[in-house]
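Chemist: coords below, sequence missing:
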């Protein structure tokens, strides 16, 4: 199953944001999309999900235009983790995660024991089972982010699209979540995530894409795409690439500048 954006162009109030961006997500891979603030990463994700219409270009799912699929069909195949979410009601963490079962059950069927088992299972996998009865708006920002990821996993869609899923998480939860996303890809899920940190794709992404000046300027294996020259082009900072004794790339380090 492939979700693909073809030559997407979009702007806000005549200000071009995307000027011909193309990107695809296949089942069984973890893809990281990098770009500076305002580069259009979130906009590209929303267009790929059918939440915004492009001014030009096409989004397809399994080769068919996204408009051919109903919203419920899409929700059964593609799950979304937004960067910001405000609950309209004082739901508990478990109730927010349980919303992920709606595409399978519809609006008018009460969740059954299998749905509850699914939700408690993903909460446990993400290490937040102890928060199940806490009010969603009263837990930390990082815990709310993990709750949204639990909702997406409860949806049991094959493709997961995540906008800054590591934002607000402490280092331990970042490492645990990255490991979980890698294992999901190994199990056949397709995961597309945006990030600002070029070190994160080095640990487990199969493919990285750089969004520069409204288009995907480069994409491929992290070792091939994430070079010091690419980081300078992307962020305007000079870095060195640290390697292990056996040559594995592990982290970028800022180059000291003369005072």
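Modeler: Cool, the structure landed. Keep in mind it's a predicted model, so treat the numbers as computed, not measured.

Chemist: For residue 141, which residues are in contact?
Modeler: residue 168 (Cβ atoms under 8 Å, 6 or more residues apart in numbering). For glycine as for every other residue, the C-beta is placed from the backbone atoms N, C-alpha and C.

Chemist: Quick check on residue 253: phi, psi?
Modeler: phi -130, psi 130 (degrees, to the nearest 10).

Chemist: Now it: closest residue in space that isn't a chain neighbour?
Modeler: Spatial nearest neighbour of residue 253, excluding adjacent residues (Cβ to Cβ, 6 or more residues apart in numbering): residue 240 at 4.9 Å.

Chemist: so that neighbour, which of the three states?
Modeler: Following DSSP: H, G, I helix; E, B strand; the rest coil, we place residue 240 in the strand state.

Chemist: pretty sure it contacts residue 232?
Modeler: No: shown here, residue 240 and residue 232 do not form a contact pair, counting by Cβ atoms under 8 Å, at 11.4 Å.

Chemist: need the contact list for residue 38.
Modeler: residue 17.

Chemist: what's the helix or strand for it?
Modeler: For residue 38, there is no helix or strand it lies in under DSSP states H and E.

Chemist: Tell me the confidence at it?
Modeler: Residue 38 carries a pLDDT value of 87.

Chemist: repeat for residue 250
Modeler: 67.

Chemist: Please apply the same query to residue 32.
Modeler: 95.

Chemist: That one belongs to a helix, doesn't it?
Modeler: No: assignment of residue 32 by three-state DSSP gives strand, placing it outside any helix.

Chemist: Run through the residues that contact the residue nearest to residue 253.
Modeler: By Cβ under 8 Å, 6+ apart, the neighbours of residue 240 are 228, 252, 253, 254, 255.

Chemist: again, only using 7 Å
Modeler: 228, 253, 255 (Cβ atoms under 7 Å, 6 or more residues apart in numbering).

Chemist: Count the residues that sit near the residue nearest to the last one when sequence neighbours are not counted.
Modeler: Taking Cβ to Cβ, 6+ apart, and ignoring the residues beside it in sequence, residue 255 has residue 238 as its nearest neighbour in space, at 4.1 Å. If you count neighbours by other Cβ atoms under 10 Å, residue 238 ends up with 13.

Chemist: and residue 217, that one's in a helix?
Modeler: No: counting by three-state DSSP, residue 217 is located in no helix; its state is strand.

Chemist: That one reaches residue 210, doesn't it?
Modeler: Yes: counting by Cβ atoms under 7 Å, residue 210 is a contact partner of residue 217 at 5.1 Å.

Chemist: Next up, the contacts around the spatially most central residue of the chain.
Modeler: The centroid of the chain falls nearest to residue 162 when counting by Cα atoms, centre = their mean (2.0 Å). Residues counted as contacts of residue 162 (Cβ under 7 Å, 6+ apart) are 81, 191, 192, 193.

Chemist: and of the residues you listed, the nearest to residue 40?
Modeler: The nearest member of those to residue 40, counting by Cβ to Cβ, is residue 192 at 14.4 Å.

Chemist: my guess is that closest one meets residue 25, correct?
Modeler: Yes: Residue 192 is in contact with residue 25 according to Cβ under 7 Å; the separation is 4.5 Å.

Chemist: which residues do those two both contact?
Modeler: Common neighbours of residue 192 and residue 25 (Cβ under 7 Å, 6+ apart) are residue 31.

Chemist: where does the chain dip in pLDDT?
Modeler: 84-85, 88, 107-108, 245, 247-250, 256-259 (pLDDT under 70).

Chemist: neighbours of residue 89, just the number please.
Modeler: Residue 89, neighbours per other Cβ under 10 Å, totals 9.

Chemist: Looks to me like it is in a strand.
Modeler: No: assigned with three-state DSSP, residue 89 falls outside any strand and is coil.

Chemist: ok, which stretches of the stretch 51-200 of the chain are helices?
Modeler: With DSSP state H, counting those that start in this stretch, the ranges of helices along the stretch 51-200 of the chain come out as 71-77, 93-98, 102-105, 113-125, 141-154, 171-186, 200-204.
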